[in-house]
Structures are given as C-alpha cells and as structure tokens.
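Asks: Got a sequence here, can you build the structure:
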Amino acid sequence: MWQHILLWPTQASTISRQVDGLFVFLIAVTGGVTLLVFGTIAFFAFKYEHKKHPVAEPIEGSTPLEIVWSIIPLGIFMIFFLWGASIYMFEAKPPKDAMEVYVVAKQWMWKFQYQTGQSEINTLHIPVNRPVRLTMISQDVIHSFYAPDMRVKADVLPGRYTTTWFQPIKAGKFRLYCAVYCGTDHSAMIGEIDVMEPADYQVWLQGGVGQGSMAATGQRLFQELGCINCHRSDVQGRGPTLQGVFGRPVLLDDGRTVMANDDYVRESILVPGAKIVAGYKPIMPSFQGIVSEEQLLSLMAYVKSLSTPPPAEPAHKPPAAPPSAAGVAVP
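Replies: Okay, the predicted model is just below:
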C-alpha cells in the first residue's frame, strides 16, 4: 500500500518491503513518542497551572516508574537495532548465483561493464527476478550509487572496491542517482536501471556490441602485458601461479595471510610491492598509469575465471564413432 503514497518510491526489489516496513515503524514510534511527550507537557501545564497551585509542592521519585520508562525505550531501541541489523546482514551477503556487473563511477557518469563483454554508460540493463551483484569503484572522488526504487544506496570509493546487490521484482525503467556531492555537475550524474523480462534481456544481450567476455578480454591483456611470462600455470615462473588463487588465503613473506579478493588483485597490479607472496622476490613492476580502471576489471575477471571449476563431464558419455580403416572416425 505504501507505494501508492505520493512521493513514495516504487517497491521494485525484494528488499523494498523490509526497508519500508522499518522506515514506517521508525516514523510511527518517533511520531507517537513526540505526541506523548507534548501531550504530557500540555496536560501538566493545565493541571498544575499557577492559579491552581501558586506554591510548588515537592514530590518524591518513583523507582517503579523510572524502571518502566527505562526498560520500554530499551526494548524499542533493541527492535530498531535487530530489525536494521537483519536488513544490513541480508544486503551484505549477495547470493552466490548473482549476476555480476562492474561499475566505474567518475565525474559525472556511471559506466557499467558486463561479464559477457558489453559496456554502457548511465544505463544498466538487467533481467527481472534475478539477483544482481555490483562491484564498484571510482576513478576520481567519492560517489554514491543510489537507486531509490530498489532501496539500494552504497558509497563508491576511489582506490577500493565496494559491493552491493539487489533483486528486481518489477520490469520497467527506474532512476539512478549519485547521492554524494561530487563536483560541479553532481546533479547531472543521473542514470537509469532498465529491468527487462528474461526473453527481452537475452535479445538485448545478442544485439549488444561486445568484444568477447570480460575474462577473455582480461586474458588477451594478460598476454599483451607479458604477465604470462612470470605467472605461469606450471609454477615454474618467477611469479606465483594464479590458478585457483582467487577467493583463497595467500601466505605472504612476512608471515601474514590475506584473502585473495578484488582489492588484493587490484593492489597486486598497481602496487605489487605492498604484499609479497611467500617464496617469491619483489621483482614485479607496477602497472599504475599503464592500465585503465576498465582494464583492471577485465584482468580481475580473468583471474577469477582461473578459480572457476570446469563444467562437470556427463555421467554417461556417448559412444565414440567407430574408426575407419584409415584410423579416422566415421561420421
């Protein structure tokens, strides 16, 4: 019912009802307490006005009353906390099967890159009823990804990846804003989320212009930059192998253990001397200023793909074609 209220954004994601429910509860409680406080003040102002009580009468405190007005607010605040924490924890854990989109923010535009290779500016195309995970970074100042209809708002920081996710439940076009003042044309940093039916989304994908998947683009860049010469798959290179490293702990030469996540991969490319893998020397050059933010994302997608298990073989393989006399399979 709340989406029909004037100026109330459309409930377009799975989290919308929970966020709206908490917001309405906060408004109801704070509004009720406000009325209670001012009503009590007005009641005592009239009951104990100066004409009726020209001389003040001392009163003693009430321990039961003090306990009651301490426990009741505590209980209400705990409801606030638990309800808000449950929503936060839900939003902090994207589903494993979420569609991944990379977002690069800069003054004053949003650039979206898809795993399938497409990229676009200020418009995000996604299918309805499918969770979408956004990995975001800024090229200049702090921005904030704000989609009110999806009830999603997350800061986008320079030099560090942040993530958020949502699952749209309605097809349509919804507005996207930057919610942090980021410069002269901050108000013009407006985009659009185009939520499409699955069949329409597939048509859009087929019609989109792409140069292969992001992982394929990252692999080509990996070879062009000469990374393959050191990071070999046979563990005989001068750098550590990248096979299966993403998402796993990495032992450093100083004894620490870090997780090979998005920020680790990015830092290893731009500032390779910051964290040296145990057993290797700090000989890798920095690629700061050589690769763009978009290329970094492609390299990261390639490294991720090296940790993705290959598709399982079918339990029952089809019988092989009988060989001919020349040893070539007969069609």
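Asks: State the distance from the nearest residue to residue 129 once chain neighbours are set aside to residue 195.
Replies: Using CB to CB, 6 or more residues apart in numbering and skipping residues adjacent in sequence, the residue nearest residue 129 is residue 169, 6.4 Å away. Where C-beta positions appear, they are placed from N, C-alpha and C, glycine not excepted. Using CB to CB, to the nearest Å, residue 169 is found at 9 Å from residue 195.
Asks: what do those two both touch?
Replies: Common contact partners of residue 169 and residue 195 (CB atoms under 8 Å, 6 or more residues apart in numbering): 12, 128.
Asks: Which residue of those two possesses the greater neighbour count?
Replies: Neighbours of residue 169 and residue 195, each counted by other CB atoms under 10 Å, are more numerous for residue 195; the result is 25 against 16.
Asks: next SSE after the host helix or strand of the more buried one?
Replies: Taking DSSP states H and E as the definition, residue 195 sits inside strand 190-196. The first helix or strand that comes after strand 190-196 along the chain, using DSSP H and E, is helix 198-207.
Asks: List the buried residues of that following helix.
Replies: Of the residues in helix 198-207, those scored as buried under the neighbour-count criterion (16 or more other CB atoms under 10 Å) are 201, 205.
Asks: If you average the pLDDT over that helix, what comes out?
Replies: Per-residue confidence for helix 198-207 averages out to 86 on the pLDDT scale.
Asks: Would you map the helices across the chain?
Replies: 16-47, 63-92, 198-207, 214-224, 262-270, 293-305 (DSSP state H).
Asks: Which elements pack onto the last one?
Replies: In terms of contacts (3 or more CB pairs under 8 Å, 6 or more residues apart in numbering; DSSP states H and E), helix 293-305 is packed against strand 99-106, strand 109-114, helix 214-224, helix 262-270.
Asks: swap in the fourth one?
Replies: With contacts defined as 3+ CB pairs under 8 Å, 6+ apart, the secondary structure elements packing on helix 214-224 are helix 293-305.
Asks: Now do the helix it packs on against strand 99-106, angle only.
Replies: In this structure, helix 293-305 runs at an angle of 160 degrees to strand 99-106, with axes from the mean of the first three to the mean of the last three CA atoms, to 10 degrees as the basis.
Asks: quick check: angle from helix 293-305 to strand 109-114?
Replies: 30 degrees.
Asks: got the CA positions of helix 293-305 in CSV?
Replies: Once side chains and other backbone atoms are set aside, the C-alpha atoms of helix 293-305 remain, and they are given as CSV (Å, rounded to 0.1, in the frame of the first residue of the first chain):
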residue,chain,number,x,y,z
GLU,A,293,40.2,1.1,-14.4
GLU,A,294,38.2,-0.8,-17.0
GLN,A,295,41.3,-2.9,-17.9
LEU,A,296,41.9,-3.7,-14.3
LEU,A,297,38.3,-5.0,-14.0
SER,A,298,38.9,-7.2,-17.1
LEU,A,299,42.2,-8.6,-15.6
MET,A,300,40.3,-9.2,-12.3
ALA,A,301,37.6,-11.1,-14.2
TYR,A,302,40.3,-13.2,-15.9
VAL,A,303,42.0,-14.1,-12.5
LYS,A,304,38.5,-15.0,-11.2
SER,A,305,37.9,-17.3,-14.1
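Asks: residues making contact with that helix?
Replies: For helix 293-305, the external contacting residues (CB under 8 Å, 6+ apart) are 102, 104, 111, 113, 115, 119, 135, 137, 139, 213-219, 221-222, 242, 245-247, 262, 265-266, 269-270, 291.
Asks: go on, stretch 262-272?
Replies: Outside stretch 262-272, the residues touching it (CB under 8 Å, 6+ apart) are 135, 160-161, 246, 250, 258, 274-275, 282, 284-288, 291, 296, 299-300, 303.
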